[in-house]
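Colleague: With the sequence up front, the predicted model follows.
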Amino acid sequence: MKLSEAAKIMKGELKGPDAYFFGAASDTRKIKPGELFFAWKGERFDAHDYLESAELKGAICAVVERFIPSAQIAQIVVKDSQKALGLIAKEWRKKWKGTMIALTGSNGKTTLKEMVTSILSVNHEVLATEGNYNNHVGCPLMLLRLNKHHTHAVIEMGASHPKEIEYLTKIVQPDIAILNNAGACHLEGFGSIEGVAKAKSEIFLGLSESGTAIINADDQFVDEWKRCVIDFKSYTFGIDHAADVMASDIVGNNQFTLAIKPQNSSVKITLQLLGRHNILNALAASAATTAAGESMETIKKGLESLAPVKGRLQVVKIKDNVQLINDAYNANPNSLKAGIDACSAGNRWLVLGDMRELGTDEVKIHNECGAYAKNAGFSELFALGELTKHAVIGFGEGAESYADHEALLSVLSAKIEAYDEPMLLTILLKGSNSMNMQYFYEALVKCEDC
C-alpha cells in the first residue's frame, strides 16, 4: 500500500514523498525497514520525540498527531494516531484474502491460540498473535503484518472494559470467532462475571454473514452466547455437556478421545500440556480448525506436537524428587483453580502472589482460593502480597505469608533443599503479572545443582 492511500484511509495529510510501506510499529525498538511508525503522547513519554530514531531504524514514514518540521522522515498528520492505526489495519485486513480466526476468553487465550496455530501450521503459512499484542494497539499492529503468503491468521483479543472486544472484532473481521470461557477476571472494569460474559460475546459482532461461531458448551453462559449467534453457523465444544466436539475416555489430565460430530470421526489424543482445562482448550482448537476445513489427522498432529508455553503449566525438574510447575504468566481465580486441579498427585505446595483487578470481592475470592487449594490436597501455601493474606486464612495450617520476594525465596529454597522424601514434591507457581512470580522460577531453576 502507498503512503498516499494510507493517508486517505486514516483521514490524514501526507507531508513528504510518497512510497510503498509494509507493516507498522509503535515502539522504535521494534521497527523494521519499510514500516510505518505510529507516534502518540502517552502518560510517561511522547513518541513524537523519537522520529529521528524511527527513521534510523528504517521507518519509511511516521503517523503523527502534530507535524514535526525538524524531522526528515515523511509524516502523515492525523487527529488521533491510535484511531488511525485501527482504520488502516481494518482496510489492510479487507485486502487480505485468507482465513481469519479470532479468539477471546477469560482464561487460556494464549494456549488456545498456540493450539490453533499448531494445527493450521501443519499445512499452511500462519500469522499468529505474538506476546501481548492482543489489545487496541497490538491487534491492529499484528494485522498489518499480514501478507500474500499467509493463508491463515490467528488473532487473540483481550479486554478489561466493555466495548473493547467490539472495537477489535470489527477491525479483525473474523471468519471464525471462538469464545473460550468467561470468569472472574478484570472485574473492576466489567463489574461482574455477567459483565465479563457479555463483553466477551462482542467478538461475534465482527463475524461476516458466512462466519462461524465456536462456543464452550460447558460454560455457564452458553445459552446466552448461543442467542448471540442464532443467525450464524456455530460449533460447540465441551466435556461435561453434549457438544459438536467432545472429549471422552479421559486418562490422567492429558489423554483423551477426541470426537468430532461434523466429521463423524474420533481419535485418541495425548497432549504434552497438563490439565483438564487444556483438554477443553484442545476441543476449542479442534472445533475452530474443523470449521476451517482441517482433517482429524491434521488436528491430532498439531495438538500432539505442541509443547508447553513458557509460564503456563511449564514443568521443570529442580531435583530428582522435586518439580516446579511454572504457571506464573498471570493469574485469576479460574486459572488458579485449573492449575491446582492439574497438580493431582504426590506432595504439593502452592506459591501464590496476589491476583489483581478482582473488584470488591477480592478478599472473599482470595480466601476461597486458599480453601480450594487446601481441599485439593496441597500441604503448604507460600503467600506473597496483601491479598494473599486472606488466602492464608482460607488455607489454614501449613500456610504462611511473606513480606517480600527475598524472604519467601529464602524459606522456600531451604525447604526444597531439605526435602528428602521419596514421594514427588510438586510446587505450583502462580500470581498476577505485576507480582513478578517469574522471579521464583528464575531463582529456583538456577538452583538445580544445590
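Modeller: Yep, it's here. Keep in mind it's a predicted model, so treat the numbers as computed, not measured. Residues are numbered from 1 along each chain as shown.

Colleague: how about low-confidence regions in this protein?
Modeller: Judged against pLDDT under 70, the low-scoring parts of the chain cover residues 184-189, 447-450.

Colleague: buried ones in stretch 163-175?
Modeller: Within stretch 163-175, the residues that qualify as buried are 164-169, 171-175, counting by 16 or more other Cβ atoms under 10 Å. Bear in mind the C-beta positions are built from the backbone N, C-alpha and C, glycine included.

Colleague: How about stretch 203-223?
Modeller: By 16+ other Cβ under 10 Å, the buried positions in stretch 203-223 come out as 203-204, 206-207, 211-219, 221-222.

Colleague: try stretch 286-300
Modeller: Neighbour-count burial for stretch 286-300 flags 286-292, 294-296, 298-300 (criterion: 16+ other Cβ under 10 Å).

Colleague: now stretch 71-81
Modeller: By neighbour count with 16+ other Cβ under 10 Å, stretch 71-81 contains the buried residues 71, 73-78, 81.

Colleague: just stretch 349-362 next, same as before
Modeller: Along stretch 349-362, these residues count as buried under the neighbour rule (16+ other Cβ under 10 Å): 349-358, 362.

Colleague: Give me the secondary structure label for A285.
Modeller: Following DSSP: H, G, I helix; E, B strand; the rest coil, we place A285 in the helix state.

Colleague: and the residue lying closest to it once chain neighbours are set aside, what element?
Modeller: In space, not counting the residues next to it along the chain, A285 is nearest to M115; the distance is 3.7 Å by Cβ to Cβ, 6 or more residues apart in numbering. Counting by DSSP states H and E, the element that carries M115 is helix 109-120.

Colleague: which residues does the nearest residue to G105 once chain neighbours are set aside contact?
Modeller: In space, and not counting its chain neighbours, G105 is closest to N180: 3.0 Å by Cβ to Cβ, 6+ apart. By Cβ atoms under 8 Å, 6 or more residues apart in numbering, the contact list for N180 reads 103-109, 112, 216, 281, 284.

Colleague: Mind doing that once more with 6 Å?
Modeller: N180 sits next to 105, 108, 112, 284 when contact means Cβ atoms under 6 Å, 6 or more residues apart in numbering.

Colleague: How far off centre is stretch 76-92?
Modeller: 24 Å (Cα atoms, centre = their mean, to the nearest Å).

Colleague: what's it in contact with?
Modeller: Counting contacts by Cβ under 6 Å, 6+ apart, the residues outside stretch 76-92 that touch it are 6-7, 9-10, 12-14, 38, 40, 63-65, 67, 140, 143-144, 171.

Colleague: what's around the residue nearest to A285, how many residues?
Modeller: Look at M115: counted by other Cβ atoms under 10 Å, it has 28 neighbours.

Colleague: SS state for L336?
Modeller: Judged by three-state DSSP, the three-state class of L336 is helix.

Colleague: What residues of the helix or strand harbouring G370 count as buried?
Modeller: Assigned by DSSP H and E, G370 belongs to helix 362-375. Neighbour-count burial for helix 362-375 flags 362, 365-370, 372-374 (criterion: 16+ other Cβ under 10 Å).

Colleague: ok, then the element right after that helix?
Modeller: Defined by DSSP H and E, the subsequent element after helix 362-375 is strand 380-384.

Colleague: Does anything pack onto that following strand? Which helices or strands?
Modeller: Secondary structure elements in contact with strand 380-384, counted by 3 or more Cβ pairs under 6 Å, 6 or more residues apart in numbering; DSSP states H and E, are strand 347-353, helix 388-395, strand 399-402, helix 405-418.

Colleague: mind listing what it pairs with, with the direction of each?
Modeller: Strands adjacent to strand 380-384 in the sheet, as given by DSSP bridges, are strand 347-353 (parallel), strand 399-402 (parallel).

Colleague: mind listing what W40 touches?
Modeller: Remark: with contacts taken as Cβ under 6 Å, 6+ apart, W40 is in contact with 47, 81-82.

Colleague: Quick check: the gap between S410 and G98.
Modeller: From S410 across to G98, the span is 52 Å (Cβ to Cβ, to the nearest Å).

Colleague: Looking at the two, which is more packed in?
Modeller: For S410 against G98, the residue with the higher neighbour count under other Cβ under 10 Å is G98, and the figures read 19 against 12.

Colleague: For the more buried one, which non-adjacent residue is spatially closest?
Modeller: T151 (4.9 Å).

Colleague: ok, the one you found - contacts?
Modeller: Here T151 is in contact with 98, 124-125 (Cβ under 6 Å, 6+ apart).

Colleague: can you do 8 Å?
Modeller: T151 makes contact with 98-99, 124-126, according to Cβ under 8 Å, 6+ apart.

Colleague: Can you list phi and psi of it for me?
Modeller: According to degrees, to the nearest 10, the main-chain angles of T151 amount to phi -90, psi -20.

Colleague: ok, it to W96 distance?
Modeller: With the distance defined as Cβ to Cβ, T151 ends up 10 Å from W96.

Colleague: ditto for S118
Modeller: Distance of S118 to W96, given as Cβ to Cβ: 22 Å.

Colleague: Check R145 too.
Modeller: From R145 across to W96, the span is 10 Å (Cβ to Cβ).

Colleague: for E368, same thing?
Modeller: 45 Å.
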